[in-house]
Each structure stands twice: as structure tokens, then as C-alpha cells.
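Novice: coords below, sequence missing:
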């Protein structure tokens, strides 16, 4: 049983989460070439404009249409500046579970953007889409991502040994989750 998430725009505090466009290519490329993002995500190295154009204009749409998930460009609600991404992947439609991933561009770090975006996507997934579980996996060494997960309201469950990979090799991942009863007012 496979579904497809509806193309969606979400609002979160001073952010807009929307589908990627060709207008995101330059900022997406600059962010994905950042040393910190490259440290934790197995993105192409070097991350070229062609890689970025393919992601922004083809891959994100293809992943949504395949039922794998949905990927949002995070932008500033007032000026529209590209700030990062939050997306769902590895969606289990029968089990009603999906995994979230995110990153924030170097020029936008330190403002709670990933946590706000994760809360918005989690609420949309669990309430509006009727899912039962949101998962997040962060490398044990990626303390900033783990803090973001907790700030977004996810619960730490444990360590998944040798399950992730980065450019440096295999890594253990910390598993976090959010279920409907974790939401405020549940």
C-alpha cells in the first residue's frame, strides 16, 4: 500500500515550508557544500550546481510522486530567503510511519529553524495526514541535531548501532520519535 503526500505549503512561526523550485538552486548548492552539512550527510562531494539543480527541480518531486516522502524548502516568511530543508523519507504507508531529516544553511543557524520546521512537519504528518509515528535519526556525534530533535518535542529512544554512514564511514545513530500522544493538547 503506497500513498503520495499532497503537495503542501506549511507555516511555522516566521517560516514558510514549500516545495523546492529552480530559484533555490544557488542557495541549496552553497549550503550543501558547507563543511558541517558534508560532515553529517553523505551528499555528493563536491556538491555542484548540477547536483543542486537536479535535487531542486527533479529529485524532490520524484521522491514525492514515488510515495517515499515529501521535501520542503524552508524559507523566511518575510523575505523569502532560503534557509534550509526539512523532509520526510522512507515512508511506511501501511504502518503510518515516516522519517524526518533536516539541515539548516550556515547563514541561518542558531535561530531554532530546524526545530520549528520539525514541529510543523510532525504536526502535519501526525494530525493532518493521520500518521502514527515520526522518526528522526541523528549520528551520535551530531550533538546539534540531537538537541534540535529534543527541542522539537521528539523523544529519545536509544542507539541504533552501525546503521548510518557519512563520508568518514559507518556511524551509530540515535533514534528519536514523535507520536500523536506527544503533541501538545493530546
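Specialist: Now that the structure is in, tell me what you want to look at. None of these values were measured; they are calculated from a predicted model.

Novice: just the helices in this structure please.
Specialist: 25-32, 35-40, 49-54, 60-66, 113-123, 143-151 (DSSP state H).

Novice: show me what the first one is packed against.
Specialist: Right, the one you point to is helix 25-32. Counting by 3 or more CB pairs under 8 Å, 6 or more residues apart in numbering; DSSP states H and E, the packing neighbours recorded for helix 25-32 are helix 49-54, strand 82-92. For glycine as for every other residue, the C-beta is placed from the backbone atoms N, C-alpha and C.

Novice: flag every buried residue along it.
Specialist: Buried residues in helix 25-32, defined by neighbour count with 16 or more other CB atoms under 10 Å: 25, 27, 28, 29, 30, 31, 32.

Novice: the spatially closest residue to residue 126 that is not a sequence neighbour and residue 120, how far apart?
Specialist: For residue 126, ignoring the flanking residues on the chain, the nearest one in space by CB to CB, 6 or more residues apart in numbering is residue 180 at 4.9 Å. For residue 180, the distance to residue 120 equals 15 Å [CB to CB, to the nearest Å].

Novice: compare neighbour counts for these two and give me the winner.
Specialist: Of the pair residue 180 and residue 120, residue 120 is the one with more neighbours under other CB atoms under 10 Å, namely 21 against 16.

Novice: just checking, that one touches residue 14?
Specialist: No. With contact defined as CB atoms under 8 Å, residue 120 does not count as touching residue 14 (11.6 Å).

Novice: what's around residue 150, how many residues?
Specialist: 12.

Novice: can you pull the contacts of it?
Specialist: Neighbouring residues of residue 150 by CB atoms under 8 Å, 6 or more residues apart in numbering: 156, 176.
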